[in-house]
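>>> Test case, fold it:
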Amino acid sequence: MFRNMYDTDVTVWSPEGRLLQVEYAMESVKQGSACIALRSSTHSVIGALKRSVSELSSHQQKILEIDDHLGIGIAGLTADARTLAKWMRNECLNHKY
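Okay, here's the model as predicted:
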């Protein structure tokens, strides 16, 4: 999809009655991979599917450690999740110190 003047904000409708930002987000979700977490009273497990876009590209890390007691699994685009993980690490450090 190419960018135009109707995709600058989520509240801007195109002449065809479409919200292009929502369509971009839906395409982004389709490109992501599966992630699941299970929790019991004593343990928790996070699993993620590592999918390579092509044979030449490398696998991306889908499970990130935030703190000693906290981790996240990525189901969408890795760049967005890394930004969220960085913010979460900073918040953990601010709370800790």
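>>> any idea of the pLDDT on the residue of the chain most remote from its centre?
Distance to the chain centre peaks in the chain at Pro15, reaching 30.0 Å (criterion: C-alpha atoms, centre = their mean). In this model, Pro15 is scored at 79, pLDDT.
>>> try Ala81
So, for Ala81, pLDDT stands at 82.
>>> neighbours of it, just the number please.
Neighbour count of Ala81, defined by other C-beta atoms under 10 Å: 20. Glycine gets a C-beta too; all of them are placed from N, C-alpha and C.
>>> Could you do the one 4 residues further on as well?
One way to gauge burial is a neighbour count; for Ala85, by other C-beta under 10 Å, it gives 17.
>>> circling back: quick one: the residue farthest from the centre of the chain from Lys62, how far?
39 Å (C-beta to C-beta, to the nearest Å).
>>> ditto for Val22
In terms of C-beta to C-beta, Val22 sits 25 Å off from Lys62.
>>> out of the two, which sits in the more crowded spot?
Lys62 (21 against 11).
>>> And the pLDDT for the closest residue to the more buried one other than its chain neighbours?
In space, and not counting its chain neighbours, Lys62 is closest to Ala48: 3.5 Å by C-beta to C-beta, 6 or more residues apart in numbering. Predicted confidence (pLDDT) for Ala48: 78.
>>> burial of Ala48, as a residue count?
19.
>>> Just list the residues touching it, thanks.
Ser33, Ala34, Cys35, Ile36, Lys62, Ile63, Gly73, Ile74, Ala75 (C-beta atoms under 8 Å, 6 or more residues apart in numbering).
>>> Of these, keep whichever come out buried.
Ser33, Cys35, Lys62, Gly73, Ile74 (16 or more other C-beta atoms under 10 Å).
>>> Mind putting the residues you listed into a markdown table with pLDDT?
Shown next, in a markdown table, are the buried ones among the contacts of Ala48 (pLDDT from 0 to 100):
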| residue | pLDDT |
| --- | --- |
| Ser33 | 72 |
| Cys35 | 77 |
| Lys62 | 79 |
| Gly73 | 83 |
| Ile74 | 79 |
